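Novice: When you get a sec, could you give me coordinates for this:
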Amino acid sequence: MKFNTKTIHGGQKQDPAYGSVMPPIYQTSTYAQSTPGGHKGYEYSRTHNPTRNALENALASIENGKYGLAFGSGLAAIDAVLKLLEPGDEVVSTNDLYGGTYRLFTKIYERFGIKFHFVGMRNATNIEEFITPDTKLIWVETPTNPMMNIIDIVETSKIAKRHKILLAVDNTFATPYLQQPLDLGADIVMHSVTKYLGGHSDLVMGALVVKDKELADRLFFIQNASGAVCGPQDSFLALRGIKTLHIRMQRHCENGKAVAEYLASHPKIENVYWPGFKNHPNYEIAKSQMNDFGGMVSFTTKGNNYEDAIRIVENLRVFTLAESLGGVESLAGHPASMTHASIPKKEREKTGVVDSLIRLSVGIEDEDDLIADLKQAIG
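Specialist: Numbering: from 1, shown residues only. You can find the predicted model right below:
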């Protein structure tokens, strides 16, 4: 089954009760038993829910995995991965990553004795010098948030396998429409389903997908024991979103390219970060591991002026100034004061997250309207 068909039919079974085309919303916390322990596969909705299971099967299908797990948020999904570790373990993470992930790593798990190394991974060989006998996980975002750096998943996987370390890839920006990390050697794929998979800015959810049964069983145990699951209503919405992922991503990519090229030609713009440019440091890697370059674009103004950045995002009319990304509508954000504010200024500026940086999630509106909006806002 090809990807565009998988988004609609992958992992799905016809509802046995009435044959409904969409899986029903099983809005229930518990299930009747004929005798203690005698049930129809469901006993309590923290552990299993038919609507959530339908979503988890769809997630596994579109990522070419075998096991999907849906959580109450993207951070809850990351939290489950970190619960695979023990005090004294070490993690090598990309140094350019979502602020919430950085906060979870440094403010929560460092307190429990997990050590993190934040490394520039544009050259995968940089990872080697930070690996010790205690390293148990490599955490990768690609493209990274918000600098759009590209990390070579195949090469990183070779390093992980050589040292018998788990490799987890946050695939939120690319989505499985553009990139399938499990096929490139990753052990775990993570998504903030809130973003492109849901696609309509109306739910908060996270997901993990794996191929290995033993790893899946460990994560299922953590999911059930910790309880950070999503509800059936949100599961239904995410399933609906996935069904149009392929056609939405097509337009996101088309509009992202148009916006990136417009910004690159603008006399008041200094830097534009988008992996589809041939002068992007890892353009060839992006071209080899992605099917297109996505709808996320970041840029800075000439002079790197904070006031200019704030003026631009406040003057946008079609783009909405808001947290998050990946919805059908275009969003603009100021990472230094919004999504990445939890990273100390000195640390975030090392990776390029300066006060003049603006991040765009380019939606599926008409590209002429988006460019006209940027033109009037930049001035």
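
Novice: quick one: buried residues of stretch 226-244?
Specialist: 228-232, 234-243 (16 or more other CB atoms under 10 Å). The way it works is simple: take the backbone N, C-alpha and C, and place the C-beta from them, glycine included.

Novice: Asn291 versus His246, what's the distance?
Specialist: Distance of His246 to Asn291, computed by CB to CB, to the nearest Å: 10 Å.

Novice: hey, what's in contact with both of these two?
Specialist: By the contact definition CB atoms under 8 Å, 6 or more residues apart in numbering, His246 and Asn291 are jointly contacted by Tyr177.

Novice: Mind checking which of these two has more residues around it?
Specialist: Of the pair His246 and Asn291, His246 is the one with more neighbours under other CB atoms under 10 Å, namely 19 against 15.

Novice: nearest residue to that one other than its sequence neighbours?
Specialist: In space, and not counting its chain neighbours, His246 is closest to Asn4: 4.6 Å by CB to CB, 6 or more residues apart in numbering.

Novice: now do Val354
Specialist: Nearest one to Val354, counting by CB to CB, 6+ apart, is Asn304 at 5.7 Å.

Novice: where does that neighbour land in three-state SS?
Specialist: coil (DSSP: H, G, I helix; E, B strand; the rest coil).

Novice: pLDDT of the top helix by length along the chain, averaged?
Specialist: Criterion DSSP state H: the longest helix present in the chain is helix 245-265. In this model, helix 245-265 has a mean pLDDT of 98.

Novice: Can you list the buried residues in it?
Specialist: Applying 16+ other CB under 10 Å to helix 245-265 flags 245-246, 248-249, 251-253, 255-260, 262-263 as buried.

Novice: can you check stretch 271-291 too?
Specialist: Under 16+ other CB under 10 Å, the buried positions of stretch 271-291 are 271-277, 280, 282, 285-287, 289-290.

Novice: Take the residues you listed and keep only those in strands.
Specialist: Per DSSP state E, strands hold the following members of the buried residues of stretch 271-291: Asn271, Val272, Tyr273.

Novice: Dump those residues to a markdown table, plus pLDDT.
Specialist: Below are those laid out as a markdown table (pLDDT from 0 to 100):
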| residue | pLDDT |
| --- | --- |
| Asn271 | 97 |
| Val272 | 98 |
| Tyr273 | 98 |
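
Novice: what's the closest of the residues you listed to Leu370?
Specialist: Val272 (14.6 Å; CB to CB).

Novice: what sits against that closest one?
Specialist: By CB under 8 Å, 6+ apart, the neighbours of Val272 are Ala260, Leu263, Ala264, Val297, Ser298, Phe299.

Novice: isn't the third one right next to Gly276, touching?
Specialist: So the one you mean is Ala264. No - taking contacts as CB atoms under 8 Å, Ala264 lies outside contact range of Gly276: 10.5 Å.

Novice: Isn't the residue nearest to Val354 up against Ser356?
Specialist: Yes - in terms of CB under 8 Å, Asn304 counts as a neighbour of Ser356; the distance is 4.2 Å.

Novice: so what sits against both of those two?
Specialist: The contact lists of Asn304 and Ser356 share Glu270, where a contact means CB under 8 Å, 6+ apart.

Novice: which one of those two has more residues nearby?
Specialist: A count of neighbours by other CB under 10 Å puts Ser356 above the other of Asn304 and Ser356, at 21 against 14.

Novice: quick one: the residue nearest to Ile310 when sequence neighbours are not counted from Ser61, how far?
Specialist: Here the nearest residue to Ile310 in space, its sequence neighbours aside, is His334; by CB to CB, 6+ apart that works out to 6.8 Å. His334 sits 37 Å away from Ser61, going by CB to CB.

Novice: same check, this time on Leu331
Specialist: 28 Å.

Novice: Neighbour count for the two, which is higher?
Specialist: Ser61 (23 against 20).

Novice: I figured the more buried one hits Gly10, correct?
Specialist: Yes - with contact defined as CB under 8 Å, Ser61 counts as touching Gly10 (2.9 Å).

Novice: joint contacts of those two?
Specialist: Contact criterion CB under 8 Å, 6+ apart; residues shared by Ser61 and Gly10: Met1.

Novice: Let me see the contact set for Ile242.
Specialist: Thr7, Leu55, Ala58, Leu59, Ile62, Leu197.

Novice: who wins for neighbours among those residues?
Specialist: Leu55 (32 neighbours).

Novice: my guess is Lys302 contacts Glu270, does it?
Specialist: Yes - in this structure, Lys302 is within contact of Glu270 by CB under 8 Å, at 4.6 Å.

Novice: In three-state terms, how would Asp373 be classified?
Specialist: Strictly by three-state DSSP, Asp373 counts as helix.

Novice: Chain neighbours aside, what residue packs nearest to it?
Specialist: Val318 (4.0 Å).

Novice: To what extent is the one you found buried, counted in neighbours?
Specialist: 18.

Novice: Report the buried residues of stretch 367-379.
Specialist: Result for stretch 367-379 [16+ other CB under 10 Å]: buried residues Glu367, Leu370, Ile371, Asp373, Leu374, Ala377, Ile378.

Novice: Kindly report the same for stretch 133-140.
Specialist: Thr135, Lys136, Leu137, Ile138, Trp139, Val140.

Novice: need the strands for the protein, in chain order.
Specialist: 67-71, 90-94, 115-119, 135-141, 166-170, 188-192, 206-210, 269-273, 296-301, 320-321, 331-333, 358-361.

Novice: same question for the last one, mean pLDDT?
Specialist: This means strand 358-361. Here the average pLDDT along strand 358-361 is 98.

Novice: got the CA positions of it in PDB?
Specialist: Output of strand 358-361 as PDB, limited to C-alpha atoms (Å, rounded to 0.1, in the frame of the first residue of the first chain):
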ATOM      1  CA  ILE A 358      11.200  34.800  13.200                       C
ATOM      2  CA  ARG A 359       9.800  31.400  12.600                       C
ATOM      3  CA  LEU A 360       7.000  30.800  10.100                       C
ATOM      4  CA  SER A 361       4.700  27.800   9.800                       C
END
